[in-house]
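> Need coordinates for the below:
(one chain, ligands or ions: 1)
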Amino acid sequence: MTAAADDPKDATAVTRALNRAVLDALPFDDTQDFDDARRGLLATLPEVEIKNAQGRVVWSLRDYAFLDHVEAPPTVNPSLWRQARLNMHHGLFQVTDRIYQIRGFDISNMTILEGERGIVVIDPLISTETARAGLDLYLQHRGPRPVIAVIYTHSHTDHYGGVRGVIDEADVHAGRVEVIAPDHFMEEVVTESVLAGTPMVRRSQFQFGPTLPKGPRGQVDAGLGKVVSRGTVTLIPPTRVIAQPLETHRIDGLEIVFQLAPQTEAPAEMHMFYPSLKALNLAENATHNLHNTYPIRGAQVRDANAWAKYLNEALDRFGRDSDVAFAQHHWPVWGRQRVHDFLGRQRDLYKYLHDQTVRLMNHGYKAAEIAERLTLPRSQSTTWHVRGYYGTLSHNAKSVYQRYLGWYDANPANLNPLPPVERGGKYVEYMGGATAVLARAREDFARGEYRFVAEALSHVVFAEPSNAEARALGAAALEQLGYAAESATWRNAYLLGALELRQGVPPAVARAPVSPDIVRAMSLDLFFDYLAVRLNGDKAEGRRLVVNWRFSDLDRTYVLTLDNSALTYLADRRSEHADATVALERAVLDRLVLRELTLADAAQRGLVTIEGDAAKVVELFGLLDDFTLMFPIVEPRREG
Ligand SMILES: [Zn+2]
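Residues are numbered from 1 along each chain as shown. Coordinates of the predicted model:
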C-alpha cells in the first residue's frame with residue numbers, strides 16, 4: 001500500500017452537503033459563548049506547551065493553530081468546529097470575586113478560590129506538569145499564596161491526577177493542607193482504573209483521539225476540551241470525606257455548601273455553592289454539551305434520572321442566589337436569569353433522555369430503534385450547550401436501555417449469534433463473496449450510505465483481514481462518518497478506525513500504565529480481585545492450591561484458594577492446610593503489582609518469605625496472564 005493510499009481523503013459531495021446544512025440549521029450568529037469563554041481573561045502563556053522533567057511534551061495547543069479559521073473546512077461538522085474553537089480559550093480567568101479558573105491547560109479546568117490565608121485548589125487536572133504550570137500562572141499574577149486545601153469534585157482522573165503538582169503530601173500528613181472529596185471517592189477511583197483498566201485505556205484512544213494526527217482531517221477536539229494531557233498521574237487520598245447529602249464547611253474562611261450528587265456523571269461526585277460569592281460549581285454535571293451516560297471508552301452506565309434530579313435540586317436550592325454558574329470543564333454562565341435558564345435546560349436534557357428512552361422501551365422498541373428515533377425537542381434543538389459534542393442522544397439512549405434491560409434486545413435471533421470472524425465469513429459467503437460485496441458497497445458509498453458500507457465492509461475485513469480493497473473502502477466510509485459527526489468522540493472513533501484499517505494496529509509494546517499512587521490506594525480485597533481476573537482459566541484447569549498471605553505490617557491475613565479454575569479469597573482467615581504461607585509488607589506487594597520486583601527477586605532479597613511449598617506459589621504466578629494495551633479492534637485478533 002502506498003503512502004498516498006494511506007492518507008486521509010477529502011470530504012465527498014454528500015458529506016459537504018450534510019455539513020453545509022448544519023450552517024442553516026443552527027444559530028451561528030449567537031456568539032454569547034465566545035464572549036463568555038473570553039470573559040475575565042487575566043493572562044496566559046505566550047505559547048501553551050507544557051513538558052515533563054525529561055523534556056517530553058505532555059500538553060500543547062500548538063498543533064491546533066489550524067482552528068484560527070472561523071469557517072469550518074468541509075471535513076469538519078461546523079457545529080463541532082465551533083465547539084473546538086471555543087475550547088481553544090486558555091489561560092487564567094477571573095470568574096468572579098475570589099474565584100479564578102485555569103482553562104485550556106488540560107481537558108479539564110482547575111478552579112482556584114481565594115481564602116483568608118491562602119487558596120483552595122479544586123480539581124488539579126490530569127498531570128502534575130499541567131497542574132503546576134496552571135498554579136504557577138495563577139501565582140505569577142495574583143502573588144504568592146499557600147495552598148490550604150484541595151477539593152476533588154469527583155472520581156475521574158482529570159479531576160485529581162495532577163495533585164502532586166500543587167501540593168506536597170508531607171504537608172497533608174502534617175495537617176497543613178486538607179484534601180476533600182465526595183463519599184466513596186477512593187473506592188470509585190481505584191475500581192474504575194484497575195480491573196478493566198487495560199481495555200478502557202485502549203478504547204479511550206478512540207474516544208479522545210490522542211494518537212490521531214491533529215488537523216482538519218484528523219482530531220480537532222474532544223468535546224469537553226481539546227484532548228487529555230499525557231504527563232504524570234498522581235493521587236493523594238482525601239483527609240475529609242463529604243458523606244451527608246448537604247454539608248456546610250468553612251474552608252480557609254470561605255463558607256462552602258457541598259451537595260452530594262452520587263451516580264451522576266461519576267459514581268462519586270458533588271456540587272458546591274459559595275454563598276458569600278453567590279457562585280455555583282456544578283462539577284461535571286452541567287457543562288456546555290450533552291455529556292455521556294455511557295462514554296464510548298466503556299464504563300458502567302450512569303443514571304440519567306439521578307443526574308436530572310441533582311441538577312434540579314441544585315437549581316431549586318442555589319439557583320436564585322447564584323450570579324454565576326460554572327463547571328470543571330468549559331466556561332461559566334453569568335447572570336441569574338441565564339443561570340436559571342442554563343440549569344433548567346441541562347436538567348431537562350437528561351430527564352428527557354431518560355424518560356423518553358424508558359417510554360419507548362415500554363412500547364416495545366429496541367435500543368437501536370430508540371437511538372434512531374430520539375432527537376432533541378424543538379425547544380432545545382438550537383440551544384448550543386445541550387448539543388452532543390461529547391455524548392450523543394443515540395449512544396446515551398442505548399445506555400439508558402442497557403441500565404434497565406441490558407445488552408439483549410430479546411429477539412432470540414440475537415441471543416447467540418456467531419462471533420465476528422465466523423459471522424463475517426457467512427455474511428460474505430451469502431452475499432456472493434468479497435468481490436460482490438465490494439461492488440455493491442462502492443455504489444452505496446457513492447450514494448453516501450456510509451453507515452451500512454462501514455458495517456458490510458467490517459464483515460469482509462473480519463472474514464478476510466488482508467483484503468486491501470475492503471480495508472480501504474471500509475476506512476473511507478468511516479472517515480466520511482467522522483467528517484460529518486457533530487460529536488467529537490464519534491469523530492475520533494471513526495477516524496481512528498479508518499487509520500487502523502489503513503495502517504494496521506500500531507505495534508503492541510506497552511501495557512496500560514497504572515499509576516503508583518493508584519496501586520498504593522488499592523485495598524487488599526481489590527488486589528486479590530485483580531490477581532483473580534488475571535488467572536488464565538484454561539491453564540489453571542485441574543489445579544488446586546491454597547496459599548495463606550500474611551501482611552506483617554498491617555497485621556492481616558488472607559487465604560487464597562485456587563479450585564475449578566477460579567481464584568477466591570477470604571479476608572482475615574488462614575488455612576491450617578495451606579500449601580504455603582507468604583509473608584510480606586504492603587509496600588512490597590505494591591512493588592510486585594507495579595512490576596518493580598518479581599516474586600523470585602523479592603524472595604531472594606528476603607522481602608518475601610515463603611513457608612511450606614514455595615513451588616506452589618511460583619506455580620500460581622505462572623498461571624497469571626499479562627495484558628497488552630494495543631489489541632486489535634477493527635480487525636480480527638491474530639491468535640497463536
Ligand atoms: Zn472531567
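> How about the contacts made by residue 325?
With contacts taken as C-beta atoms under 8 Å, 6 or more residues apart in numbering, residue 325 has the following neighbours: 279-282, 286, 332-333, 339, 342-343. For glycine as for every other residue, the C-beta is placed from the backbone atoms N, C-alpha and C.
> Wait, a strand at it?
Yes - remark: residue 325 belongs to a strand, assigned using DSSP: H, G, I helix; E, B strand; the rest coil.
> That one and residue 334: what is the separation?
Using C-beta to C-beta, to the nearest Å, one obtains 8 Å as the distance from residue 325 to residue 334.
> what helix or strand is the closest residue to residue 221 other than its chain neighbours on?
Leaving aside its sequence neighbours, residue 221 sits nearest to residue 84 (C-beta to C-beta, 6 or more residues apart in numbering; 3.6 Å). Assigned by DSSP states H and E, residue 84 falls within helix 78-86.
> Smallest distance to the ion belongs to which residue of the stretch 151-300 of the chain?
Taking C-beta to the ion as the measure, the stretch 151-300 of the chain has residue 158 as its residue closest to the ion, at 4.2 Å.
> Indicate the residue of the stretch 451-600 of the chain located nearest to the ion.
Ranking the residues of the stretch 451-600 of the chain by distance to the ion (C-beta to the ion) places residue 489 first, at 13.2 Å.
> I'd say that residue and residue 223 touch.
Yes - between residue 489 and residue 223 a contact is recorded at 6.0 Å, counting by C-beta atoms under 8 Å.
> thinking again about what came up before, got the contact list for the residue nearest to residue 221?
For residue 84, the contacting residues are 64, 67, 76, 220-221, 226, 488, taking C-beta under 8 Å, 6+ apart as the criterion.
> Just the buried subset of these, please.
A residue is treated as buried here by neighbour count (16 or more other C-beta atoms under 10 Å); on that basis the buried members of those are 64, 67, 76, 220-221, 226, 488.
> Mind checking which of these land in helices?
Secondary structure assignment by DSSP state H places residue 488 of these in helices.
> Any chance of JSON lines for the buried ones among the contacts of residue 84, columns distance to residue 568 and pLDDT?
Rendered in JSON lines, the data for these read as follows (distance: C-beta to C-beta, whole Å; pLDDT from 0 to 100):
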{"residue": "64", "distance to residue 568": "50", "pLDDT": "98"}
{"residue": "67", "distance to residue 568": "53", "pLDDT": "98"}
{"residue": "76", "distance to residue 568": "52", "pLDDT": "98"}
{"residue": "220", "distance to residue 568": "48", "pLDDT": "98"}
{"residue": "221", "distance to residue 568": "46", "pLDDT": "98"}
{"residue": "226", "distance to residue 568": "45", "pLDDT": "98"}
{"residue": "488", "distance to residue 568": "43", "pLDDT": "98"}
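> Farthest pair within the buried ones among the contacts of residue 84?
Longest distance between any two of those is 14.2 Å, between 76 and 226; criterion C-beta to C-beta.
> ok, residue 237 - how many residues close by?
With neighbours defined by other C-beta atoms under 10 Å, the count for residue 237 comes to 18.
> Make sure it is indeed in a strand.
No - applying three-state DSSP, one finds residue 237 to be coil, outside a strand.
> for it, what are its contacts?
If you count contacts by C-beta under 8 Å, 6+ apart, residue 237 has them with 179, 186, 521.
> The second one: how many residues sit nearby?
Think residue 186. Summarising burial for residue 186: neighbours were counted as other C-beta under 10 Å, giving 19.
> Hmm, it is touching residue 239, no?
No - with the criterion set as C-beta under 8 Å, residue 186 and residue 239 do not qualify as a contacting pair; they are 11.6 Å apart.
> all strands of the stretch 451-600 of the chain, in order?
Counting by DSSP state E, counting those that start in this stretch, the segments of the stretch 451-600 of the chain that form strands are 545-551, 556-563, 566-571, 580-584.
> who wins for proximity to residue 348 among those strands?
Scanning the strands of the stretch 451-600 of the chain with C-beta to C-beta as the criterion, the closest one proves to be strand 566-571, at 45.7 Å.
> who does the closest one pair up with?
Sheet neighbours of strand 566-571, with direction, are listed as strand 556-563 (antiparallel) (DSSP bridges).
> What number of residues are in the vicinity of the residue lying closest to residue 494 once chain neighbours are set aside?
Leaving aside its sequence neighbours, residue 494 sits nearest to residue 482 (C-beta to C-beta, 6+ apart; 3.3 Å). Number of residues near residue 482 (other C-beta under 10 Å) recorded here: 29.
> what residues are up against residue 482?
By C-beta under 8 Å, 6+ apart, residue 482 lies in contact with 490-495, 498.
> Now neighbour count and pLDDT too, for those, in CSV please.
Converted to CSV, the contacts of residue 482 look like this (neighbours: other C-beta atoms under 10 Å; pLDDT from 0 to 100):
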residue, neighbour count, pLDDT
490, 26, 98
491, 30, 98
492, 29, 98
493, 24, 98
494, 25, 98
495, 27, 98
498, 27, 98
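> Show me those residues that map onto helices.
Within those, residues falling in helices by DSSP H are 490-495, 498.
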